[in-house]
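# Here is a sequence together with a model predicted from it:
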Number of protein chains: 2
Amino acid sequence: MVNYPSGSVATQTKKVVKRSKMVTFGKRGMNFEAEINATNDYYLTHGIAVVHKKPTPIQIVKVDYPKRSRAKITEAYFRQASTTDYSGVYQGHYLDFEAKETQNKTSFPLKNFHEHQINHMSNVLSQNGLAFVLLHFSALARTFLLKASDLIPFYQKNDGQKSISLAFIEKQGYEISTNKLPSIPYIDSIQKILGGESHFKATQN
Amino acid sequence: MVNYPSGSVATQTKKVVKRSKMVTFGKRGMNFEAEINATNDYYLTHGIAVVHKKPTPIQIVKVDYPKRSRAKITEAYFRQASTTDYSGVYQGHYLDFEAKETQNKTSFPLKNFHEHQINHMSNVLSQNGLAFVLLHFSALARTFLLKASDLIPFYQKNDGQKSISLAFIEKQGYEISTNKLPSIPYIDSIQKILGGESHFKATQN
């Protein structure tokens, strides 16, 4: 329809976190992102991890500079991001991820991921960073962490045409229990991954 | 004068990298940032590190959705960033930095750093991330990397009122030779820092 990244305006202008909607956040398009942001706030204030959502990239065309007033952007457009939405650090490890949701019940459409995001995650992996995606099945109220190292070969083989089956995600991914605080505790899954990969354990305290 | 982050519009709309100006980039306000971006491009394409500048945060107020055309932002304002400008990954290590320049010849004004940036770098350090600043003395054509662990105590002691002497920066920082390609090879300094800190060496190849 329009070239407008989902949820961007609202999260740029204000933080919308409704605690009462936590369990049912899948029913509204923006809440998955809002819950991730709330989770990151929780991680930050509790000293668990430092993860931020990057600002939406905007192409600025015209700016007015009124006297005695702040600069006003009068013409600008949304740009496609060249990286993923989230990055940060957990116990020295670089984290980099994208969060997506679907209404589908049996598979996750690959068209949700752009080629430049796949390339970025591939670059991050080659620098030994921890790249992954958070996948939310809103109709099922189930959320998974899937490592980019599992996503990328699948994406490349299927060339963005198809989707990843829920069965594959259940087998390869890490299901995130979303009924506690913080609401998307993805660091729990990261701890499992780090525990199983010796080259990531090296710098852990 | 106006509330307008230096260099943001130009770097949002197009990449301005003039190779012929490389040695003299300190003479123009925007070139230090452009040279860092060019350095990051070099690091990315050569598989050395994955570091990106975050988009400028924009507060969007009004968006038009014309038929058969992409969404047009018609009212928006620059926001103050809550983190640093650059983040990325180098051999598994999380990198996080801010780049600033001054016309001064003997000291670097602390007012260049906002409290929320200092807080962010402090949070990154507590997660064992590598936080630092790149300081460019344009009149001297000298550039330094200073670890956040050296900057933060200085900032807190002086409460943002004063400045850091060049002598302190020369002693505690890492001077970056800027006359080769890439033009701001700050990863060289990072390698020196990692070489001297055993807990960072663990994951290096």
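Right, received. Where do you want to start?

# When you work out contacts or count neighbours from here on, use the C-alpha atoms and nothing else.
Noted.

# All the helices of chain A, in order from the start?
Residue ranges of the helices in chain A, as given by DSSP state H, are A:8-13, A:31-45, A:115-126, A:148-158, A:166-172, A:186-196, A:198-201.

# which one of those lies closest to chain B?
helix A:8-13 (5.3 Å; Cα to the nearest Cα).

# next one: phi and psi at the residue at the greatest distance from the centre of chain A?
Distance from the centre of chain A peaks at residue A:67, with 39.9 Å (Cα atoms, centre = their mean). Residue A:67 adopts backbone torsions of phi -60, psi 140, taken as degrees, to the nearest 10.

# ok, now how distant is it from chain B?
8 Å (Cα to the nearest Cα, to the nearest Å).

# what does residue A:72 give?
Here the distance between residue A:72 and chain B works out to 5 Å (Cα to the nearest Cα).

# where are the low-confidence patches of chain A?
Within chain A, the stretches with pLDDT under 70 are A:1-30, A:158-161, A:179, A:196-205.

# re the thing from before, distance of the residue farthest from the centre of chain A relative to residue B:175?
Distance from residue A:67 to residue B:175, counting by Cα to Cα, to the nearest Å: 41 Å.

# related to what we said a few turns ago, need the helices of chain A in CSV (columns: mean neighbour count).
Output for the helices of chain A, formatted as CSV (neighbours: other Cα atoms under 10 Å in any protein chain shown):
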stretch, mean neighbour count
helix A:8-13, 16
helix A:31-45, 20
helix A:115-126, 20
helix A:148-158, 16
helix A:166-172, 14
helix A:186-196, 15
helix A:198-201, 15
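
# For the ones you listed, give me CSV that also has distance to chain B.
Output for those, formatted as CSV (distance: least, Cα to the nearest Cα, whole Å):
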stretch, distance to chain B
helix A:8-13, 5
helix A:31-45, 8
helix A:115-126, 6
helix A:148-158, 15
helix A:166-172, 23
helix A:186-196, 13
helix A:198-201, 7
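
# Contacts only, for residue A:87.
A:51-54, A:94-97 (Cα atoms under 8 Å, 6 or more residues apart in numbering or on different chains).

# check contacts around residue A:75.
If a contact means Cα under 8 Å, 6+ apart, then residue A:75 has A:60-63, B:72-75 as its contacts.

# swap that for residue A:165, please
For residue A:165, the contacting residues are A:106-108, by Cα under 8 Å, 6+ apart.

# among the helices of chain A, which is nearest residue B:33?
Smallest distance to residue B:33 across the helices of chain A (Cα to Cα): 21.6 Å, for helix A:115-126.

# helices or strands next to that closest one in the packing?
Applying 3 or more Cα pairs under 8 Å, 6 or more residues apart in numbering or on different chains; DSSP states H and E, we find helix A:115-126 packed against strand A:93-102, strand A:130-137, helix A:148-158.

# Now find how far off-centre that helix is within its chain.
When C-alpha coordinates are averaged (Cα atoms, centre = their mean, to the nearest Å), helix A:115-126 and its chain have centres 14 Å apart.

# gap between residue A:183 and residue A:162?
According to Cα to Cα, residue A:183 stands 30 Å off from residue A:162.
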